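Visitor: Attaching a predicted model along with its sequence, questions to come.
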2 protein chains.
Amino acid sequence: MKILEQRILTDGKVLPGGILKVDGFLNHRIDPQLCHEMALELKRLYGGCGVNKVLTVEASGIALGIMTALVFDCPLVFAKKSRTKNISDSVWSAEVDSFTHGTRNTVMVSKEYLGPNDRVLLVDDFLATGAALIGLKQLVTLAGGTVVGAGIAIEKAFQGGGDALRKEGMQVESLARIARMTDDSITFCE
Amino acid sequence: MKILEQRILTDGKVLPGGILKVDGFLNHRIDPQLCHEMALELKRLYGGCGVNKVLTVEASGIALGIMTALVFDCPLVFAKKSRTKNISDSVWSAEVDSFTHGTRNTVMVSKEYLGPNDRVLLVDDFLATGAALIGLKQLVTLAGGTVVGAGIAIEKAFQGGGDALRKEGMQVESLARIARMTDDSITFCE
C-alpha cells in the first residue's frame, strides 16, 4: 500500500536494536485517515470472505481493529493481556512470548464473544516473529471458530513470522512489508 | 444519547460491587457502528471548539478515541499506562489512582505528541470518580496545551467525578449518564 510505505519513509525512524519507530502515526499518535484507508484496503483484500468478526489484541491493534470492523460492519473483539496466570474458566486464553520484551503474556477473550460461528479476521499493527498472531489464532481455534486470515499494517518480513504462518496455510496480508532496514534506509519487499 | 441508553438497558448488566458490565458492545467486544454514532454526537457537541487533538488512555478508550479523531479529522494520541516508575525525560506523565483496582498507575505521553498548540478533547469510555480524566488533563497542562473538554460514553453520575470536574470549570459531556443502578434496574439522569 503506497501511502503507508511513503508514510513509513517520511515519518518512520530506525532505532538501535532493529526497532522501527512509527509511533507518530501508527501506535501512539495515530492518523485516523490513514487508519481508515488501511481498513478499506483490508476490505478490498478480504471483502468476499464472509468475515463476521475482527479480532486484535490490546492496545495498539485496537485503532486499526475498530476501523476495520467499521468497514466490514461486524464487531471488533480485542484480546486482553495479563501477566498473571489467574485465568477464570469463562475465557479463552493463550500464551504469547514477546521476543522484544523477553516476557510471556497471557492473552484472553471472554468465551461469550468468540465462538464456533465466527469467521475471524485477525488484525494487528505489526507482524515480526508472528507470536501475537499465533496466540490470536489459538484463541479462535479454542472457540471452534475459523480464521479467515490476517490483516497487518507493517510486516518486518526479515523476521520471518509472516512467511512461517503463510507456510502453514494462513492467508496473511500486510499493507507494508519491510525486506530490510539499516540506520538510514528502509527497503520494502517487491 | 438515546441509542446508547437503549443499548445499556438491553445489553448491560449490573454486577455486584456497582460494576456496570457493558463489555458486549463497548470495551471488549465493540460495536463499531455505535462507536461511530457516538463520535458523531461528540462532533455535534464540540464541533465548533477548534479541537485539533483527541487524547485518551489505553486500552478501552482507544476505539471511541480513533473514531472521534476520524470525524474531527485530527490525530488521536493515547496515553500509555505503566506500573513502573521508570519514566524517561521525554514523556509527560501523571499518576492515576484506580479506585476500582486499588492501584496507582502512571499514564504518559511522548512530549513529541502533545504541546502548547494543542486544543485537546479528552475521550474515554467511562467516567466514574474522574481519576483518568484528571490524569489526562494534567498531561495536557504539563504540555502547555488547552483542554477543550471531555467526551465520555458512560458516566456513573452517582460517583460524583463528572460533577466535580464541571465545578472546576471543565466542560464534560457524557452520552449516557447513570443516576443510579440496582441489581435489576438502571436509571438515567434527566
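Guide: Done, it's in. Numbers count the residues shown, from 1 in each chain, chains lettered A, B, ... in the order given.
Visitor: So which elements touch the helix ranked longest in chain A?
Guide: Taking DSSP state H as the criterion, chain A has its longest helix at helix A:32-46. When contacts are defined as 3 or more Cβ pairs under 8 Å, 6 or more residues apart in numbering or on different chains; DSSP states H and E, helix A:32-46 sits against helix A:2-11, helix A:62-72, strand A:119-127, strand A:146-156, strand A:172-182, helix B:62-72. Any C-beta I mention is one placed from the backbone N, CA and C, and that applies to glycine too.
Visitor: In it, which residues are buried?
Guide: A:32, A:34, A:35, A:36, A:38, A:39, A:40, A:41, A:42, A:43, A:45, A:46 (16 or more other Cβ atoms under 10 Å in any protein chain shown).
Visitor: would you turn the residues you listed into TSV with distance to residue A:163 and pLDDT?
Guide: TSV is the format used below for those (distance: Cβ to Cβ, whole Å; pLDDT from 0 to 100):
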residue	distance to residue A:163	pLDDT
A:32	31	98
A:34	26	98
A:35	26	98
A:36	28	98
A:38	21	98
A:39	24	98
A:40	26	98
A:41	21	98
A:42	20	98
A:43	24	98
A:45	18	98
A:46	19	98
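Visitor: Distance of the spatially most central residue of chain A relative to residue A:54?
Guide: Centroid-nearest residue in chain A, with Cα atoms, centre = their mean: residue A:124, separated by 1.7 Å. In this view, residue A:124 and residue A:54 are 11 Å apart by Cβ to Cβ, to the nearest Å.
Visitor: now do residue A:34
Guide: From residue A:34 over to residue A:54 (counting by Cβ to Cβ), the distance is 18 Å.
Visitor: my read is residue A:51 is in a strand, agree?
Guide: No. Assigned with DSSP: H, G, I helix; E, B strand; the rest coil, residue A:51 falls outside any strand and is coil.
Visitor: Now for it, how many residues are close by?
Guide: By other Cβ atoms under 10 Å in any protein chain shown, the residues close to residue A:51 number 23.
Visitor: Name the residues of stretch A:70-79 that come out as buried.
Guide: A:70, A:71, A:72, A:74, A:75, A:76, A:77, A:78, A:79.
Visitor: show me which of these neighbour chain B.
Guide: For chain B, the contacts drawn from those by Cβ under 8 Å from any Cβ of the partner chain are A:70, A:74, A:75, A:76, A:77, A:78.
Visitor: What residue, apart from its backbone neighbours, is nearest residue A:70 spatially?
Guide: Once flanking residues are discounted, residue A:70 sits nearest to residue B:32: 3.9 Å by Cβ to Cβ, 6 or more residues apart in numbering or on different chains.
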